[in-house]
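Asks: Have a look at this prediction, sequence included:
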Amino acid sequence: MKRERIYLSPPHMSGEEFKNVKETFDSNWIAPVGPQIDGFEKDLQDYLNINNCVVLTSGTAAIHLALIILGVERGDEVICSSFTFAGTCNPIVYQGATPVFIDSEKDTWNMDPDLLEASIQDRIKKGKRPKAIIYVHLYGMPAQVDRIVEIAARYTIPLIEDAAEALGSTYKGKKLGAFGAFGILSFNGNKIITSSGGGALLTHDKKWADKARFLATQARAPFPHYEHNEIGYNYRLSNVSAAIGRGQLSVIDKRVEQRRMIFKKYAEELKDIAAISFQPENKEGISNRWLTTIVIDPMLCKGITNESIRIALEQENIESRPLWKPMHKQPVFASVPCYGGAVSEALFNSGLCLPSGSSLSNSDQELIISLIHKIVTGIT
Ligand SMILES: *Cc1c(COP(=O)(O)O)cnc(C)c1O
C-alpha cells in the first residue's frame with residue numbers, strides 16, 4: 001500500500017470546529033458578521049491577555065490595516081525584518097511606501113537590534129524618519145523583544161509585531177502579539193492553528209480597534225445609505241471561518257506542546273550528526289516550535305546539502321522546504337535598501353524546514369529521522 005504524503009504543516013482539527021460550524025448553519029449566520037466572530041475575538045483576547053482583537057481575512061490584511069492606521073503613506077519608509085515571508089512586507093508596498101530591510105542576528109534568527117538602531121540613525125541622517133517598524137518572530141521563535149521595544153520607544157517609532165507564526169509562544173512569561181502598537185496573527189492553513197484562512201489584528205488601544213473594524217468593512221459611515229469619507233477594504237473574517245478558528249483555539253496549548261515534542265524528538269535523535277544544528281531557543285522565552293528547522297554545515301557534511309536532503313525526502317513523498325528566502329534577495333525587492341544580510345543569506349543557503357505538524361505520527365517522524373541519517377551518513 002502506498003503511504004500518504006507527509007506534509008510540512010497540515011491542518012489538524014480537534015473535533016470542536018465542526019460543532020461550531022454547525023451552529024453557524026443552524027443560525028444562518030453565513031456572513032462576515034455573527035456570534036462566532038464576536039466569540040473568536042473574545043477567546044483570543046482572553047488567551048493573549050489583550051483588550052482588543054479584530055479578526056480579518058488574513059494576517060497580511062492585518063498588517064495592511066496597522067500601516068494605514070499608523071498613517072503610512074506614499075513615499076514613507078517602513079523598517080522590516082528581511083528574513084520572513086512576503087506577507088510581512090507586501091502591505092508596505094500596497095501603501096506606496098518603501099520597506100527598509102534589516103538582517104537577522106545569529107541567536108534567534110530574528111531582527112538584529114544593533115542593525116535596527118544603526119539603520120534608524122542612518123535613515124534619519126538621510127532625511128527619512130522611518131514611519132513604523134515591523135518585526136517578526138520567525139518559526140515561532142521570540143525575537144529580542146525588550147531591546148527592539150526599547151529602541152522603537154527611544155526613537156518614538158511605532159512597532160508592529162508580526163506574530164503570524166508565533167501564536168502560543170511567550171517572552172518573559174507573556175504571550176507574543178502584545179509587544180507593539182499592533183500585533184498580528186495568521187490562521188492560514190499551514191499555521192499552528194487555522195480558520196481555513198484568516199488573521200487577527202491585536203492592539204491595546206480601543207480607538208484603533210474600532211478604526212480597523214471600520215476600514216475592514218468598506219469604511220461605511222453609519223447612514224442608512226452608507227456614506228463614505230474614506231477608502232475602505234473588504235477584510236472582515238467570515239462567521240464560518242471564525243467558527244473553525246474557535247474550535248482550533250480551544251486546543252492551542254496542546255498544539256504548542258505537540259509541536260515542541262516534535263522538535264525535541266528531532267533534536268535528540270539527530271544530535272549525533274555534527275553537521276546538523278537547530279534554531280536556538282531565546283533564553284527569555286518559549287517558542288511554539290511552529291516548524292522545526294535544521295541547518296546543515298556543508299564543511300562537515302561531505303557534499304550533502306539542505307537541497308540534497310530535501311530532494312531525498314521528496315523522493316519518499318515527504319514535504320520539506322527551504323527556509324524563507326530573505327526579502328532583500330527577492331527580485332521584486334532588488335532596489336530596496338537593506339542593512340546587513342549575510343546572516344539570513346547563510347541560513348537560507350543551508351537550512352531546511354522539516355515536517356512539524358501537530359498530527360505527525362511517531363512512526364512517520366521516525367521514518368524522516370532515519371532517512372536523514374541514511375542521507376547524511378551514506379549508510380543504507
Ligand atoms: C503567514 C505569514 C503572514 C501572512 O499571513 P496570511 O494570513 O497568510 O496573510 C505574515 N507574516 C508571516 C511571518 C507569516 O508566516
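Replies: Now that the structure is in, tell me what you want to look at.

Asks: show me the contacts for the residue nearest to F263 when sequence neighbours are not counted.
Replies: Among residues not flanking F263 along the chain, R289 sits closest, at 4.0 Å (Cβ to Cβ, 6 or more residues apart in numbering). Where you see a C-beta, it was placed from the backbone N, CA and C, and this is true even at glycine. R289 makes contacts with 139-140, 256, 259-260, 262-263, 356, as judged by Cβ atoms under 8 Å, 6 or more residues apart in numbering.

Asks: 10 Å instead?
Replies: Going by Cβ atoms under 10 Å, 6 or more residues apart in numbering, R289 touches 139-141, 168-169, 192, 256-264, 266-267, 278-279, 281, 356.

Asks: So which of the residues you listed belong to helices?
Replies: Judged by DSSP state H, the contacts of R289 include 256-264, 266-267 as members of helices.

Asks: For PyMOL, what selects the buried ones among the residues you listed?
Replies: The following PyMOL line selects those of the ones in helices among the contacts of R289 that are buried, judged by 16 or more other Cβ atoms under 10 Å:
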select buried, resi 256+258+259+260+262+263+266
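
Asks: what is the rounded mean pLDDT of stretch 224-239?
Replies: Average pLDDT, stretch 224-239: 96.

Asks: I should have written stretch 196-206 there, sorry.
Replies: The model assigns stretch 196-206 a mean pLDDT of 98.

Asks: Kindly check the end-to-end length of that stretch for me.
Replies: The first and last residues of stretch 196-206 sit 27 Å apart, counting by Cα to Cα, to the nearest Å.

Asks: Quickly name whichever of the ones in helices among the contacts of R289 is closest to E150.
Replies: E150 lies nearest to V256 out of the ones in helices among the contacts of R289, by Cβ to Cβ, at 27.3 Å.

Asks: Quickly note the distance from that closest one to Y47.
Replies: 11 Å (Cβ to Cβ, to the nearest Å).

Asks: mind listing what's buried in the helix or strand hosting I120?
Replies: Assigned by DSSP states H and E, I120 belongs to helix 113-125. Across helix 113-125, burial judged by 16+ other Cβ under 10 Å covers 113, 115-117, 119-120, 123.

Asks: overlap in contacts of V256 and Y47?
Replies: Between them, V256 and Y47 share these contacting residues under Cβ under 10 Å, 6+ apart: 167-168.

Asks: any chance of the buried residues of helix 113-125 in a markdown table, with pLDDT too?
Replies: As requested, the buried residues of helix 113-125 are exported to a markdown table (pLDDT from 0 to 100):
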| residue | pLDDT |
| --- | --- |
| P113 | 98 |
| L115 | 98 |
| L116 | 98 |
| E117 | 98 |
| S119 | 98 |
| I120 | 98 |
| R123 | 98 |
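
Asks: Redo these as a markdown table? Include distance to the ligand.
Replies: Listed next are the buried residues of helix 113-125 as a markdown table, based on distance: Cβ to the nearest ligand atom, whole Å:
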| residue | distance to the ligand |
| --- | --- |
| P113 | 18 |
| L115 | 19 |
| L116 | 17 |
| E117 | 22 |
| S119 | 20 |
| I120 | 22 |
| R123 | 23 |
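
Asks: ok, these vs D103, which is closest?
Replies: Among the buried residues of helix 113-125, L115 lies closest to D103 (Cβ to Cβ), at 5.8 Å.

Asks: Could you tell me which residues make contact with the closest one?
Replies: Counting by Cβ under 10 Å, 6+ apart, L115 touches 79, 82, 101-105, 338-341, 343.

Asks: Tell me the one among those nearest to I184.
Replies: Nearest to I184 among the contacts of L115, counting by Cβ to Cβ, is I79 at 15.9 Å.

Asks: Relative to the ligand, how far out is the residue nearest to L65 when sequence neighbours are not counted?
Replies: Spatially, and ignoring its direct neighbours in sequence, L65 is nearest to A212 (4.8 Å; Cβ to Cβ, 6+ apart). Here the criterion is Cβ to the nearest ligand atom, to the nearest Å. By it, A212 lies 15 Å from the ligand.

Asks: residues contacting A212?
Replies: The neighbourhood of A212, defined by Cβ under 10 Å, 6+ apart, consists of 52-54, 56, 61-62, 65-66, 68-69, 182, 201, 203, 233, 235-236.

Asks: got any ranges where this structure has weak pLDDT?
Replies: Applying pLDDT under 70 to the chain flags residues 1, 379-380.
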